[in-house]
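Enquirer: Take this sequence and fold it.
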Amino acid sequence: MKNLTIKSILIFSVLFAFPSCNGFLDLEPETSLSSAVAFDNIEGIEAGINGAYSIIQSDWVERQIIFSECMMSSVVQINALSNTNYSQALQHSVWSDMFNISGYFWQMSYRVVDVSNQILQAIPDIPETNTKIADDKRRLQGEALFLRGMMFFVLNRFYAQPQNGLSAPILTEPFQPDNLPGRASIDEIKAQTIADLKEAETLMASVVSNSNRATIWSVKALLARVYFDYKDYQNAEIYANDVIENGPFSLIDGDVAAAYGTNLTTENIFTFLSLSNDRAATNMYERFAFESGNIQLAVSPTFWDIINVLNDDRATILHEDLGGGVACHKYNERDMNMPYIRLPEMYLIRAESSVENGDLDGGLTDLNRLRQRAGLSETNYSDKADLLAKIFTDRTVEMSMEGSNFHNLKRLEQPIGGYPWNEAEYKLVFFIPENEVQLNPNLIQNDIW
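Expert: All right, here's what the predicted structure looks like:
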C-alpha cells in the first residue's frame, strides 16, 4: 500500500494495537478511532476497513471455530493447549466459572462494530468530487455494514440464551465512554443482522471483485447462512441458489482439499487471506496440524465414528488416525488462506432448504452432487425424514472442524456435548465478560447453571 498518509498510519496504529482495556465499555477516547480526524477521506476509510478485516481474520476466526468444536466435544486434547481457555471449554464441568473465557472474542467483535459505526457515520460527509469516489463510498459503506452484520450474527450465536431471551448489545453509532447499552433481545439482534446485510447487498450490488475482500457474493452467501440459521428456509434457498447459479463459483471434483491452501479456488466464496504480517491460519495450524510438530487438538474418537460413516474422500484425505484421536488436515499449511464461506455449504443450505420447502428431488440432486465430489455413488430417499438425515450426515462430514456443526445442532435443537437439548441450550453459551457486567448495570448476565 503506497503513500500512506499520517491519518492512515494513525488508523493502523490504533487498529493493530489493542489497548489495555478489557472490553468495549471501557474504551478510552484516545484508543477509539475518531471519524472527525481519521475518516475524513476515502484513503482513511479504506485503511479503516482493512484494519477491521485484520482484527477478525486470525484470532476471531480461530476462537469461534475452536470454542465451537470444544463445546460440542468433537475434539480431544493431544498435547498441552497454548490457550488455557480452550482447555476449560473442553471441561464442561467448570464452564460456569469461566466468566471471562470469551472476553477477547467479545472485545474483537465490538472493536469491529465500533470501527464500522465510525466509518458509517463519516462516509456521508466525504465530498463526491468524481464518480469513482461516489462508487467507493457506496462500496465501503456496504463493507462496513457487511462486517457489522457479521459481528452481530456471530455474537448472537454465542451469547444468546433462550432462558432470558437476551443476546448481545446492538451498537449502531460510534461508542462513547458514557454509553451503557443493555442486551438486545434475540429477535432484535436477528433483525439488525438481516437489516445490515440487506442494505449491504443493495450498496454492493455491482461489487464482484474487491481486492480479495467482501463482494456481493460474500454478502449473499452470508445472508444464506443467516437465514438458514434462523430457519427461514424460503430465503435461505433463494440466496444459496443465487450464489450457486449466478456466482463465479464451481465445485472441484477430485480434490476435496483444494479450498484449504495458499491459492484461492472456485470453491472459496469469502476467505481471509494470509498476509506476510498477518497470517490468518497460523493459530489453526498450531492447534490442528500434525506437521506443526506439536498438534494440540484432534478429532475425538466418538466424533470420528460419526464423520467416517461415509468413508469418503473428505474422511480419508482430510483426516489421519493418530491413535486416541484423528488429525484433521484442513489446516496443514501455516500460510494458507482461511476459508470462511465455501461453496459446498451453499449446496448443503440449498439442499436442506429445498426439502423443507417441499422440493425433495431438488434436495436430493444437491446432495448427490456433493457425494459425487467426495467420491461417493448417488443415493436415494424413502421419505422426507430419511433425506434430511442423509443431508445432515453429509453436512456433518463436510463441515468437520470448521465450527459449523455446533451451530447446526443448535438450529436443530439436538443434544450437544453430552447434554440433552434442554440443558445444552443454556449451558453451552458464553457468559458476558465479568468486567462488562461490573461496569454496566444495564447488562444482564446469562443464567448460571
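
Enquirer: Give the buried residues for the one helix or strand N368 maps to.
Expert: With secondary structure defined by DSSP states H and E, N368 is part of helix 360-373. If you call a residue buried by 16 or more other Cβ atoms under 10 Å, then helix 360-373 has these buried ones: 360, 362-364, 366-371, 373. For every residue, glycine as well, the C-beta is placed using N, CA and C.

Enquirer: Now it: average pLDDT?
Expert: What helix 360-373 shows for mean pLDDT is 98.

Enquirer: For it, what is the distance to the chain centroid?
Expert: 25 Å (Cα atoms, centre = their mean, to the nearest Å).

Enquirer: for that helix, packing partners?
Expert: helix 343-356, helix 384-398 (3 or more Cβ pairs under 8 Å, 6 or more residues apart in numbering; DSSP states H and E).

Enquirer: Mind listing residues that contact that helix?
Expert: Residues lying outside helix 360-373 but in contact with it, judged by Cβ atoms under 8 Å, 6 or more residues apart in numbering, are 251-253, 256, 312, 344, 347-348, 350-352, 354-355, 377-381, 384, 387, 390-391, 394, 398.

Enquirer: mind exporting it as PDB, just the C-alpha atoms?
Expert: Taking C-alpha atoms only, helix 360-373 is exported to PDB below (Å, rounded to 0.1, in the frame of the first residue of the first chain):
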ATOM      1  CA  LEU A 360     -37.300 -33.300  -2.200                       C
ATOM      2  CA  ASP A 361     -36.000 -34.100  -5.600                       C
ATOM      3  CA  GLY A 362     -34.100 -30.800  -5.700                       C
ATOM      4  CA  GLY A 363     -32.600 -31.500  -2.300                       C
ATOM      5  CA  LEU A 364     -31.500 -35.000  -3.500                       C
ATOM      6  CA  THR A 365     -29.900 -33.500  -6.600                       C
ATOM      7  CA  ASP A 366     -27.700 -31.200  -4.500                       C
ATOM      8  CA  LEU A 367     -26.900 -34.000  -2.000                       C
ATOM      9  CA  ASN A 368     -25.800 -36.300  -4.800                       C
ATOM     10  CA  ARG A 369     -23.600 -33.500  -6.400                       C
ATOM     11  CA  LEU A 370     -21.700 -33.300  -3.100                       C
ATOM     12  CA  ARG A 371     -21.500 -37.100  -2.800                       C
ATOM     13  CA  GLN A 372     -20.000 -37.200  -6.400                       C
ATOM     14  CA  ARG A 373     -17.400 -34.600  -5.500                       C
END
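
Enquirer: Next, the angle from it to helix 343-356.
Expert: With axes from the mean of the first three to the mean of the last three Cα atoms, to 10 degrees as the criterion, the two stretches helix 360-373 and helix 343-356 enclose an angle of 150 degrees.

Enquirer: I'd say K410 and I416 touch.
Expert: Yes - the pair K410 and I416 qualifies as a contact (Cβ atoms under 8 Å) at a distance of 7.0 Å.

Enquirer: related to what we said a few turns ago, could the buried residues of helix 360-373 go into TSV alongside distance to S185?
Expert: Shown next, in TSV, are those (distance: Cβ to Cβ, whole Å):
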residue	distance to S185
L360	35
G362	35
G363	33
L364	38
D366	34
L367	36
N368	40
R369	39
L370	36
R371	40
R373	40
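
Enquirer: With respect to N294, which of those is nearest?
Expert: The shortest gap between N294 and any of those belongs to R373, at 32.6 Å (Cβ to Cβ).

Enquirer: Please convert the buried members of the contacts of helix 360-373 into ChimeraX selection syntax.
Expert: With 16+ other Cβ under 10 Å as the burial test, the buried ones among the contacts of helix 360-373 are selected in ChimeraX as follows:
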select :251,252,256,312,344,347,348,350,351,352,354,355,381,387,390,391,394,398
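
Enquirer: for the chain, what's the longest helix?
Expert: For the chain, the helix reaching the highest residue count under DSSP state H is reported as helix 131-159.

Enquirer: which helices and strands does it pack with?
Expert: Here helix 131-159 is seen to pack against helix 42-55, helix 61-71, helix 103-122, helix 186-203, helix 216-229 when contacts are counted using 3+ Cβ pairs under 8 Å, 6+ apart.

Enquirer: ok, and what's touching the helix or strand just after the last one?
Expert: It stands for helix 216-229. On the C-terminal side of helix 216-229, the closest following helix or strand by DSSP H and E is helix 233-246. Contact with helix 233-246 is made by 217, 220-221, 223-224, 227-228, 249, 269, 343, 346-347, 349-350, 352-354, 356-357, as judged by Cβ under 8 Å, 6+ apart.

Enquirer: which of the residues in helix 233-246 are buried?
Expert: By neighbour count, with 16+ other Cβ under 10 Å as the criterion, the buried positions of helix 233-246 are 233, 235-244.

Enquirer: Now tabulate the residues you listed in JSON lines and tack on pLDDT and distance to A168.
Expert: JSON lines is the format used below for those (pLDDT from 0 to 100; distance: Cβ to Cβ, whole Å):
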{"residue": "Y233", "pLDDT": "98", "distance to A168": "25"}
{"residue": "N235", "pLDDT": "98", "distance to A168": "23"}
{"residue": "A236", "pLDDT": "98", "distance to A168": "23"}
{"residue": "E237", "pLDDT": "98", "distance to A168": "28"}
{"residue": "I238", "pLDDT": "98", "distance to A168": "27"}
{"residue": "Y239", "pLDDT": "98", "distance to A168": "24"}
{"residue": "A240", "pLDDT": "99", "distance to A168": "26"}
{"residue": "N241", "pLDDT": "98", "distance to A168": "30"}
{"residue": "D242", "pLDDT": "98", "distance to A168": "29"}
{"residue": "V243", "pLDDT": "98", "distance to A168": "27"}
{"residue": "I244", "pLDDT": "98", "distance to A168": "31"}
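
Enquirer: For M284, state which of the residues you listed is nearest.
Expert: Nearest to M284, judged by Cβ to Cβ, of the buried residues of helix 233-246 is V243 at 24.6 Å.

Enquirer: Buried among the contacts of helix 233-246? Need that as a selection in ChimeraX.
Expert: Burial among those is assessed by 16+ other Cβ under 10 Å; the matching ChimeraX selection reads:
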select :217,220,221,223,224,227,228,249,269,343,346,347,349,350,352,353,354,356
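
Enquirer: residues near the nearest residue to E402 once chain neighbours are set aside, how many?
Expert: What sits nearest to E402 in space, not counting adjacent residues and going by Cβ to Cβ, 6 or more residues apart in numbering, is I65, at 6.3 Å. One way to gauge burial is a neighbour count; for I65, by other Cβ atoms under 10 Å, it gives 22.

Enquirer: In this structure I65 contacts N283, no?
Expert: No - the criterion here is Cβ under 8 Å, and I65 misses it with N283 at 9.5 Å.

Enquirer: Look up phi and psi at I416.
Expert: In this entry, I416 is assigned phi and psi values of phi -140, psi 130 (degrees, to the nearest 10).

Enquirer: For E434, report the pLDDT, please.
Expert: Model confidence at E434, given as pLDDT, is 85.
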